[in-house]
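Novice: requesting a structural model of the entry that follows:
(chains A and B)
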Protein chains: 2
Amino acid sequence: MKKSIKSRKPVLKSSRLKRSKKQALHKNQVLGLGTKMVNSVLIGLEENDASHVRKIVEGLDEYDLARLIESLDVDERKKLIEILGDHIDPSVFPELNEVVQEQVIETLDEDQIVNIVNELDSDEAVEILEHMDDDEQKSILSQLSPELKYQVSSSLHYPEDSAGRIMSRDFVAMPDSWTVKEAKNFLLTDENLPDEFFTIFLTDEKMRPTGEIALDKLLRAKASEKLAAIMDGEIVPIDVYTDQEEVAHMFREYGWRAAEVVDGKGHLVGVINLDDVVDIVHEEASEDIMHLSGAEEGDVYKSVNSIWKSRIPWLITNLIATLLASSVVRGFESIIAQISVLAVLMPIVASMGGTTGNQTLAVVVRALATKELTSRNTLRMIFKEFMVGFMNGFLFAGLIALITWLLFPDFQKLSLVIAIAMLCNLCIASLAGILIPLVLNKLKVDPAVSSGVFLIALTDSGGYFIFLGLAKLLLF
Amino acid sequence: MKKSIKSRKPVLKSSRLKRSKKQALHKNQVLGLGTKMVNSVLIGLEENDASHVRKIVEGLDEYDLARLIESLDVDERKKLIEILGDHIDPSVFPELNEVVQEQVIETLDEDQIVNIVNELDSDEAVEILEHMDDDEQKSILSQLSPELKYQVSSSLHYPEDSAGRIMSRDFVAMPDSWTVKEAKNFLLTDENLPDEFFTIFLTDEKMRPTGEIALDKLLRAKASEKLAAIMDGEIVPIDVYTDQEEVAHMFREYGWRAAEVVDGKGHLVGVINLDDVVDIVHEEASEDIMHLSGAEEGDVYKSVNSIWKSRIPWLITNLIATLLASSVVRGFESIIAQISVLAVLMPIVASMGGTTGNQTLAVVVRALATKELTSRNTLRMIFKEFMVGFMNGFLFAGLIALITWLLFPDFQKLSLVIAIAMLCNLCIASLAGILIPLVLNKLKVDPAVSSGVFLIALTDSGGYFIFLGLAKLLLF
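Specialist: Residues are numbered from 1 along each chain as shown, chains lettered A, B, ... in the order given. So this is what the prediction gives:
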């Protein structure tokens, strides 16, 4: 029987943490490794003192060892893994940040990977194998235990981030025709149960899910009762192809603690538990934050070189957007040569447009990700965001007109030009802030990744064009 | 006994959802209300047909009713609540988005609120009361049942977002000296148990937590065994004042399913369950996303007026930042008047700086929120981000020099000016992107809220100053 490592309560072995049993954790006092211990490991690594390092690391549980590995620099990390070699506890791997996990796996040879993966649950094994290239994946799969091999390759068959990929195949299922007594006896005597379970899943004779029972209900039920009579039968099985974001959404909206995953024929093939959902919610939100700014998750753990490379595409698209904006300015170069104060004021219009648009963009991208934006409220939201842009346009048009008039009292028409430009650009920005992500979403492009650069291209170019164009019309 | 509504499995009463029992949920097929039903409610609201609306709503469970209320416009929402009046099921309130919950509560009179709150768990009651002003809060507290009044006012005594505020006071605790048989008997016979529980918390005779037992372990243990012998004793009690972000962090890092909350004397006063943590992770991430862009959570549900007002402060700070940048440009107005092409190129330097800085900023703000940035790796991260900025500075300095040379072949010195300015500004931007949030964090200011505007002020003003300053030095 394999261990269900991910959801087990920590066995805190380090002496510092053992003390905390009696001593409550106070505000801002972070659980983790002492600086002394980390420094001691670092000295060991520098001096290539393998036995010293192993001795310290042996005292750590899988959670603290994972934190130690994550806290090291890329090179130190590699060295530590090499020193630990086969001494490394397989249960550490599921606890590692995804980026760090990949780095660590890369430093291991195939035999070591096979040994580690063979000790894991199928969903944890999948996480390690899914990022490998096909040849490596095949080669490792062929060396796994037959049962694990079957489970892992079935999961890998489903798309990344689908319910079939993330589900656990280690769960307790029973026929709903059993009595409470039969169920309790089975739990007491069966040797093949998962190390941890929280819900009992019930099926009909064809392995189609019919309901579920939380363990507290089982503990409180009469021995003679049929499981079908006490089960929660109002379940909503999830298709294997459902996206994990959708799964997390349903868990949150309907307060689920577990969900049944079924294949095309409606057979129960796996389950998803609440603790997997915590990770999904965290991961998807981090992705949105990073994508909105053109960075990537896990940058904290990456080398300078790989961070550098990952940020170039976004900077290049931004360069194109800003070159576009500057070509608009170039079209009005002769006007600027005559009235150079236009160059002083034009960034204000563009910048305020960008800020307005970004406010709307963040709300819309998040609302799309969390399914708060439905067919029912989309039109209303477009209207609301436009109204907000319009009202702010008026407010800041007035404000900037006043400021311009105070700065350049002899040049009153300038105030009019910048006020009209501000109003127009803020209206455009707010509309763009909602329409761009909506259109990208329709086109199945992740709106978090690319909305920003389209928005800035529009608000910068638009801002310059309206401001300088109006100046040309009204000042000459 | 009150119901533990939040974590109960949904009882999906609508006919559309009942069907899905046998029919698996497919990809992109969202759970929720049919458009027909929503439209029918809308027609009822328009025609003031209270009995029609009540009839439809009666068929919905608390989850779907919450989604219905959320999907309405602010005015429709108010009308629906007025029509439902005392017919509204109290269990809907904990399922509502925070912003919507506040709006709904505002439309109710005090008697109605008291009736609703009296039906809720203490942690759910706290969520409703914590946003009220002191007088209203006191008045409602005085009308609650004595037990609930005590529990709610104790929780309100702790700071917002602290463990004491969010913990549940409805849990199963036993002396660790009991046997498995005694425990099972207690669970079978006691009438005051919570509606749902997943873990049994063990204490010594002074109510100090000593361990916990997951229900699957209890089900599989021998009747004669002492609870102390089978419990997980390596628990880490959380102090009541611990921040919820910290709590969520520990749940994620250590794979917890439940945690004990203790007061200053180490007595067990409440518990936090994994399902509360899902909400915290979601909420904190949404907050970060919104704050980085100057928007607010719940904007989807707000009226135009309140969205508008909430966005003004951020736009004003941005206006100040951009006025600062434009005053830098003003200092070089005479140069621009002579070489107007400088106005064409200057936005490129500023914009690329802003983009570079924002990439770093997003990574750092998120790393601070998720505690990935520790004292150990902060210096390394500053160095790494500076190096990335430097390398991108070199790359894009070369690129922009080439582009400038192609656009203005007769003006070779211009390429040199823009290349140096680009390199400098990208270095400054990457340093600012990490140092600004770090400093704000040290000053106990939320780095997500205000880092962006400082960054843009620096990269815009800095970009213009370096570019135009260099132009003055080298071109004249």
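
Novice: who are the contact partners of the residue nearest to A:Ala421 when sequence neighbours are not counted?
Specialist: Among residues not flanking A:Ala421 along the chain, A:Phe467 sits closest, at 3.9 Å (Cβ to Cβ, 6 or more residues apart in numbering or on different chains). The way it works is simple: take the backbone N, C-alpha and C, and place the C-beta from them, glycine included. With contacts defined as Cβ atoms under 8 Å, 6 or more residues apart in numbering or on different chains, the neighbours of A:Phe467 are A:342, A:345-346, A:349-350, A:417-418, A:421, A:425.

Novice: what's the answer for A:Glu212, then?
Specialist: In this structure, A:Glu212 makes contact with A:199-202, A:231-232, A:235, A:258, A:260, B:9, judged by Cβ under 8 Å, 6+ apart.

Novice: kindly report the same for A:Gly452.
Specialist: A:292-294, A:358, A:361.

Novice: quick one: mean pLDDT over the helix or strand where A:Val388 lies.
Specialist: Using DSSP states H and E, the element containing A:Val388 is helix A:375-407. Averaging pLDDT along helix A:375-407 gives 94.

Novice: ok, back up a step: tell me both backbone torsions, phi and psi, for the residue nearest to A:Ala421.
Specialist: When read as degrees, to the nearest 10, the backbone of A:Phe467 gives phi -60, psi -50.

Novice: distance of it from A:Asp460?
Specialist: Plainly put, A:Phe467 is 11 Å away from A:Asp460 if you go by Cβ to Cβ, to the nearest Å.

Novice: do the same with A:Ser145
Specialist: 58 Å.

Novice: so which residues on the stretch 51-200 of chain A come close to chain B?
Specialist: By Cβ under 8 Å from any Cβ of the partner chain, the residues of the stretch 51-200 of chain A that approach chain B are A:63, A:67, A:70-71, A:73, A:95, A:97, A:162, A:184, A:187-188, A:193, A:196-198.

Novice: starting at the chain centroid, how far to stretch A:367-379?
Specialist: Centroid separation for stretch A:367-379 versus its chain: 19 Å, with Cα atoms, centre = their mean, to the nearest Å.

Novice: any part of it near chain B?
Specialist: Yes: using Cβ under 8 Å from any Cβ, stretch A:367-379 comes into contact with chain B via A:367, A:370-377.

Novice: and which of these is nearest to B:Met132?
Specialist: Top of the list for closeness to B:Met132, among the residues of stretch A:367-379 next to chain B and by Cβ to Cβ, is A:Glu372 at 25.0 Å.

Novice: leaving aside the residues next to it on the chain, what's closest to the closest one?
Specialist: The shortest distance from A:Glu372 to any residue that is not its chain neighbour, by Cβ to Cβ, 6+ apart, is 4.9 Å, and that residue is B:Val300.

Novice: tell me which stretches of the stretch 151-300 of chain A form helices.
Specialist: A:163-166, A:180-189, A:215-220, A:227-230, A:244-254, A:274-293 (DSSP state H, counting those that start in this stretch).

Novice: dump these to CSV, plus mean pLDDT and mean neighbour count.
Specialist: Supplementary listing: the helices of the stretch 151-300 of chain A in CSV, determined by pLDDT from 0 to 100; neighbours: other Cβ atoms under 10 Å in any protein chain shown:
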stretch, mean pLDDT, mean neighbour count
helix A:163-166, 94, 23
helix A:180-189, 94, 16
helix A:215-220, 94, 19
helix A:227-230, 94, 18
helix A:244-254, 89, 22
helix A:274-293, 90, 22
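
Novice: thinking again about what came up before, which residues are in contact with each of A:Phe467 and A:Asp460?
Specialist: When contacts are counted by Cβ under 8 Å, 6+ apart, A:Phe467 and A:Asp460 have A:Ala350 as shared neighbours.

Novice: what's the nearest residue to A:Ser145 if we skip its chain neighbours?
Specialist: Take A:Ser145 and drop its neighbours on the chain: the residue closest to it by Cβ to Cβ, 6+ apart is A:Asn118, 5.9 Å away.

Novice: now for that neighbour: which residues touch it?
Specialist: When contacts are counted by Cβ under 8 Å, 6+ apart, A:Asn118 is found next to A:144-145, A:148.

Novice: and A:Val281, how far from A:Thr199?
Specialist: Counting by Cβ to Cβ, the separation of A:Val281 from A:Thr199 is 20 Å.

Novice: again but with A:Phe386, I slipped
Specialist: 47 Å.

Novice: hmm, what's the outermost residue in chain A?
Specialist: Here chain A has its C-alpha centre computed as a mean, and the residue farthest from that point, by Cα atoms, centre = their mean, is A:Asp410 with 54.4 Å.

Novice: that one: what secondary structure?
Specialist: The three-state assignment at A:Asp410 reads coil, by DSSP: H, G, I helix; E, B strand; the rest coil.

Novice: quick revisit: of the residues of stretch A:367-379 next to chain B, select the buried ones using a PyMOL command.
Specialist: Only the buried members of the residues of stretch A:367-379 next to chain B end up in this PyMOL selection, burial being decided by 16 or more other Cβ atoms under 10 Å in any protein chain shown:
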select buried, chain A and resi 367+370+371+372+373+374+376+377
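
Novice: save the residues of stretch A:367-379 next to chain B as JSON lines, and put in distance to B:Ser430 too.
Specialist: Written out in JSON lines, the entries for those read as follows (distance: Cβ to Cβ, whole Å):
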{"residue": "A:Ala367", "distance to B:Ser430": "31"}
{"residue": "A:Thr370", "distance to B:Ser430": "31"}
{"residue": "A:Lys371", "distance to B:Ser430": "35"}
{"residue": "A:Glu372", "distance to B:Ser430": "34"}
{"residue": "A:Leu373", "distance to B:Ser430": "34"}
{"residue": "A:Thr374", "distance to B:Ser430": "40"}
{"residue": "A:Ser375", "distance to B:Ser430": "42"}
{"residue": "A:Arg376", "distance to B:Ser430": "43"}
{"residue": "A:Asn377", "distance to B:Ser430": "39"}
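
Novice: and stretch A:389-405, how far out from the chain's middle?
Specialist: Its chain's C-alpha centre and that of stretch A:389-405 lie 38 Å apart, by Cα atoms, centre = their mean.
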